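Enquirer: Generate a structure from the sequence data that follows.
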Amino acid sequence: MERKKKIDNPAYKGPWVHPQIDNPEYSDDSELYAFDSFKYLGIDVWQVKSGTIFSNFLLTDDWDTAQAQIDAINARREGEKKKKEEETAAAAKTSEESGEDGEDGEDDEDKEDL
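Expert: This is a model prediction of the structure:
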């Protein structure tokens, strides 16, 4: 099948650009998204490791409030970390005192998958 030969168009002015004008019905509303309270919060999570927990959502436009909450959460997180380290150390000490060396024929990785 033969195609006709194409030639340049001398009247070509380039790609058409849509003209944009100001919207005469637009009025700026600084309170458009201001609500007294929020009842729900929605998030879209595409991929998460199993066991992931989402919590401590804060919606605010006040930096001081946000910083206070961040500091409180970090303090709690550090407390939880210390508590876990203490429990791990206590468990290790208990297993050493009872003479258990943790070798029962299973790999530690196999135990995690259970």
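Enquirer: Just the pLDDT for the nearest residue to residue 56 once chain neighbours are set aside.
Expert: The spatially closest residue to residue 56, leaving aside those adjacent along the chain, is residue 73, at 5.8 Å (Cβ to Cβ, 6 or more residues apart in numbering). The C-beta positions use only the backbone N, C-alpha and C, and glycine is treated the same way. At residue 73, the model reports a pLDDT of 91.
Enquirer: where does residue 73 land in three-state SS?
Expert: helix (DSSP: H, G, I helix; E, B strand; the rest coil).
Enquirer: again with residue 43
Expert: Classified using three-state DSSP, residue 43 is coil.
Enquirer: Does it touch residue 59 like I think?
Expert: No - under the criterion of Cβ atoms under 8 Å, residue 43 is not in contact with residue 59, lying 11.9 Å apart.
Enquirer: and the residue lying closest to residue 65 once chain neighbours are set aside, how many residues sit next to it?
Expert: Nearest non-adjacent residue to residue 65, counting by Cβ to Cβ, 6+ apart: residue 58, 7.8 Å away. By other Cβ atoms under 10 Å, 11 other residues sit near residue 58.
Enquirer: Same question for residue 23.
Expert: Using other Cβ under 10 Å, residue 23 has 7 neighbouring residues.
Enquirer: tell me which element it falls in.
Expert: Here residue 23 sits in a region with no helix or strand, counting by DSSP states H and E.
Enquirer: now the residue nearest the centre of the chain, nearest residue through space, not along the chain?
Expert: The centroid of the chain falls nearest to residue 45 when counting by Cα atoms, centre = their mean (7.8 Å). Distances taken as Cβ to Cβ, 6+ apart place residue 54 nearest to residue 45, at 7.7 Å, with adjacent residues excluded.
Enquirer: Test my guess that that neighbour contacts residue 43.
Expert: Yes - taking Cβ under 8 Å as the definition, residue 54 is a contact partner of residue 43 at 6.8 Å.
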